[in-house]
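predicted model follows, preceded by the sequence.
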Amino acid sequence: MISFRSVSKVFPDGTAAVQDLTVEIPTGRITVFVGPSGCGKTTSLRMINRMIEPTAGTIEIDGRDTRSIDAPTLRRGIGYVIQNAGLFPHRTVLDNVATVPVLQGTSRREARAAASELLERVGLPAAMGKRYPAQLSGGQQQRVGVARALAADPPVMLMDEPFSAVDPVVRGQLQDEFIRLQSELGKTIVFVTHDIDEAVKLGDKIAVFAVGGRLAQYASPDDVLRRPSDDFVADFVGRDRGYRALSFLDSPDLPLHDEPTATLGSALTADAGSTGEGAEETRTDGPATRWLLVLDGERRPRGWLDTTNLAPGTTVTDQQLVLGGALAGPGSSLRTALDAALSSPSGRGVAVDADGRVVGTVRATEVLTAIESARVRSAAERTGAHRLPAGALTKSGTGGDQP
Ligand SMILES: Nc1ncnc2c1ncn2[C@@H]1O[C@H](COP(=O)(O)OP(=O)(O)OP(=O)(O)O)[C@@H](O)[C@H]1O
C-alpha cells in the first residue's frame, strides 16, 4: 500500500502543483491518476520515488515513510516507465532491459538471459534483443520500456503516460497486453494518463485530479462514470459516460438466436436469407433488405450479405460483404453486446465462442432489456437488498473485432 497523507508540492517559483493530497493506493492493483494537463499527476507520481520531494505531508510505502529510505534504495523497488520509453539509444534492446540488474551486481550473461525472457513476456521476439531502439517501432519501444522496468522485479511500478506516443490501434494492443501481464504479475502500479478511456480500461481505482492539483474523486472506474462527485468530474469523464459504464456489466443471460448463414465461396440457395427467425426484413437506411450472415469454412463470421437483389446460385464473395462492427464473445460486457448489435448492418449482433465461431445473434432491444435488469440488480445490490451472483459486475473487455 502506498499512502499519501496530506501531501502538497509548491515549486520554488510558487506553482502549487499538488494540494493536500490524501490517497491510499492498494497493493497489487492498478491505480490511475487521470486529469487534464498540468493538474499535478506527474508531480504526484514522482513524489513516490522521491524524484520530487513534497513540501508538506508524508508518503508511506507499506507503512514506511519514504523519507526514511535513501533514494537509490527506494528506487530499486520501484520500476519507472515513461512516454517514448526513454531507452538508451546506444545500447541494444537486450542491454537496455538488462541495465538495472547489471548495476545491481547480476552477471551480464545472467541479466541478458533474464532480459530475453522478459522481452517474450511483453510480446517481443527474443531476436529483437540484438537491435537498437531506433530500429524498433514506437509500440515495440514502449514494450521494451515496460520490460526494462520489470527487469529488477520491483513490487511497485510507476508509469507516466507510457502508451500515449503511439497510434490508437497500437495503444489498444499495448493496453490489452498490459492487462494480461498485470493479471500474471500483480504489481502495485500507479499509472498516469490524461485519457479517461484509458483510465477506465486499465484502472482498478481512478484518482481524478482537477486543475490546481486537487483530488476531485477517488473511486472505482464504474463509480467515477456512474456517480461523478461533482460537475468537474462529470464534465471530464464526458457525455457518453452512461454508455461507457456498460463496460462493467456482464452479459451472461442474453438470449441468442439462430442465424441463417451462408459459407463464403458457396452458391446462394433459393431460400437463403428467408428462413429462420433471424431473417426477417430489417430496415436499415431506406428500403427493406434481407441480410445473411456469411461465414468461413470454420464458422467464423466474415460479414453480412445483402440478398435483396441477388439471384439464387450467385456465388458469395468477399467483395459483396458488408462488415459488421464489434463481436460479442464469451464474457463480453453489455456494452460490447450493444455495440455489436448497433454496429451490425442487420441490427443483429454476432456472438462468437472462444474460438471465434458463431454461436448466434443478439438484438439491441434485448440488450437494452438486459441493461435495465442489470441496473435494477445493481441498485438492489447497493442497498443490500439483493445479492448478485459472483462475478456479475466484473470488468470485461470493451473492445471487439470486425467480422
Ligand atoms: N519544476 C517545476 N517548476 C515549476 N513548476 C512546475 C515544475 N514541474 C511542474 N510544474 C508545474 O506544476 C503543475 C503540475 O505539473 P505536472 O507535470 O505534475 O502536471 P500533469 O498533470 O502531469 O500534466 P501533463 O498531463 O501535462 O503532464 C503544472 O502547472 C506545471 O507547470
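That came through fine.

what stretches of the stretch 151-300 of the chain score poorly on pLDDT?
The stretch 151-300 of the chain contains residues with pLDDT under 70 at 239-244, 248-252, 270-289.

what about the helices in it?
Remark: helices assigned in the stretch 151-300 of the chain by DSSP state H, counting those that start in this stretch are 168-185, 196-202, 221-226, 231-237, 241-245.

now those as JSON lines including distance to the ligand and mean neighbour count?
For every residue, glycine as well, the C-beta is placed using N, CA and C. Converted to JSON lines, the helices of the stretch 151-300 of the chain look like this (distance: least, Cβ to the nearest ligand atom, whole Å; neighbours: other Cβ atoms under 10 Å):
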{"stretch": "helix 168-185", "distance to the ligand": "16", "mean neighbour count": "15"}
{"stretch": "helix 196-202", "distance to the ligand": "12", "mean neighbour count": "22"}
{"stretch": "helix 221-226", "distance to the ligand": "17", "mean neighbour count": "22"}
{"stretch": "helix 231-237", "distance to the ligand": "12", "mean neighbour count": "17"}
{"stretch": "helix 241-245", "distance to the ligand": "21", "mean neighbour count": "17"}
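
tell me which of the ones you listed approaches Pro89 most closely.
Closest to Pro89 of the helices of the stretch 151-300 of the chain is helix 168-185 (Cβ to Cβ; 20.8 Å).

can you tell me which helices and strands that closest one packs against?
Contact analysis of helix 168-185 by 3 or more Cβ pairs under 8 Å, 6 or more residues apart in numbering; DSSP states H and E lists helix 138-150, helix 196-202 as its packing neighbours.

and the angle from the first one to helix 168-185?
What that stands for is helix 138-150. 20 degrees (axes from the mean of the first three to the mean of the last three Cα atoms, to 10 degrees).

hmm, Ser44 and Phe33 touching each other?
Yes - using Cβ atoms under 8 Å, Phe33 is in contact with Ser44, at 6.0 Å.

can you pull the residues that touch both of those two?
Phe209 (Cβ atoms under 8 Å, 6 or more residues apart in numbering).

how close does the closest residue to Leu87 other than its chain neighbours sit to Tyr80?
Nearest non-adjacent residue to Leu87, counting by Cβ to Cβ, 6 or more residues apart in numbering: Pro133, 4.1 Å away. Going from Pro133 to Tyr80 by Cβ to Cβ, to the nearest Å gives 17 Å.

check Ser44 too.
Applying Cβ to Cβ, the value for Ser44 to Tyr80 is 14 Å.

look at these two and report which has more neighbours.
It is Ser44, of Ser44 and Tyr80, that has more neighbours when counted by other Cβ atoms under 10 Å, with 27 against 21.

tell me the average confidence for the host helix or strand of the more buried one?
Element membership for Ser44 (DSSP states H and E) is helix 41-48. On average, the pLDDT along helix 41-48 is 96.

got the domain boundaries for the chain?
2-248, 249-274+288-384 (the TED database).

element containing Arg302?
With DSSP H and E as criterion, Arg302 is part of strand 301-306.

export the helix or strand following that strand to PDB, keeping only CA atoms.
Per DSSP H and E, the first helix or strand lying C-terminal to strand 301-306 is helix 334-342. Extracted in PDB, the C-alpha atoms of helix 334-342 (Å, rounded to 0.1, in the frame of the first residue of the first chain):
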ATOM      1  CA  LEU A 334     -23.300  -5.500 -22.200                       C
ATOM      2  CA  ARG A 335     -21.600  -2.500 -23.900                       C
ATOM      3  CA  THR A 336     -19.800  -4.900 -26.300                       C
ATOM      4  CA  ALA A 337     -23.100  -6.700 -26.900                       C
ATOM      5  CA  LEU A 338     -25.000  -3.500 -27.600                       C
ATOM      6  CA  ASP A 339     -22.200  -2.200 -29.800                       C
ATOM      7  CA  ALA A 340     -22.200  -5.500 -31.700                       C
ATOM      8  CA  ALA A 341     -26.000  -5.100 -32.400                       C
ATOM      9  CA  LEU A 342     -25.900  -1.400 -33.200                       C
END
